[in-house]
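> what's the 3D shape of this:
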Amino acid sequence: MRLTFGVLALWLLAGCQSAPAPTEPEVCTQKAPESHLVEGVLMSVSHPRLTQMLAAKGDLDGDGIDEVVDVVVHQPGGSGSFYYLSVNQGQSCGFKPLPAVFLGDRIALDAMEVTGLRLSVTFRDRDVSEPMAAPPTRLNRWRFALEQGELKRLVR
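All right, here's what the predicted structure looks like:
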């Protein structure tokens with residue numbers, strides 16, 4: 001009888017171990033993206049030769065989290081002003097910069113719009129026969145979609 005009581009007491013004590021303390025949930029605040037991936041180089045928004053021109057946001061991949069889209073100008077020195085379309089893919093907590101798409105050198109931006117799962121950029125550039133000193137007058141409207149984590153230009 002004493003043996004049964006002792007085994008029962010040990011069994012009850014073993015079952016009364018304290019549960020692990022609950023962990024605090026991770027706090028996440030979606031801050032604006034702080035970098036762009038231009039020509040394979042991760043550049044901070046505070047980079048002295050990188051300027052943000054247009055910005056928009058919208059859910060391009062259909063996951064319920066907005067992406068942040070920017071047109072940025074990289075001026076590495078010399079006469080060029082290189083325009084790129086940059087997307088920072090929205091994650092559950094933060095953003096992932098995707099490779100930027102080159103739009104042109106010394107172009108004139110008109111508009112950028114995110115509609116549904118599509119992105120469009122309207123800008124003016126020059127014909128190949130025109131000198132770079134000529135004002136950009138040829139109208140372009142490029143459309144893009146986010147496919148498998150990459151920004152793809154849509155061709156009609």
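> ranges for the helices of this structure?
2-15 (DSSP state H).
> might you list the low-confidence residue ranges for it?
Along the chain, the parts satisfying pLDDT under 70 run over 1-31.
> can I assume residue 103 is in contact with residue 123?
Yes: counting by CB atoms under 8 Å, residue 123 is a contact partner of residue 103 at 6.3 Å. C-beta coordinates here come from the backbone N, C-alpha and C atoms, glycine included.
> okay, those two: which has more neighbours?
Shown here are residue 103 and residue 123; by other CB atoms under 10 Å, residue 123 has more neighbours (22 against 19).
> would you confirm that that one contacts residue 106?
No: if you go by CB under 8 Å, residue 123 and residue 106 don't touch, sitting 10.8 Å apart.
> mutual contacts of the two, please.
Contact criterion CB atoms under 8 Å, 6 or more residues apart in numbering; residues bridging residue 123 and residue 106 by contacting each: residue 136.
> picking that back up, any residues in contact with both of residue 103 and residue 123?
83, 142.
> now the strands: where do they sit in the protein?
Using DSSP state E, the strands of the chain run over 35-38, 41-44, 50-58, 67-74, 82-91, 94-97, 101-105, 108-115, 118-125, 138-147, 150-154.
> nice, that's everything, thank you.
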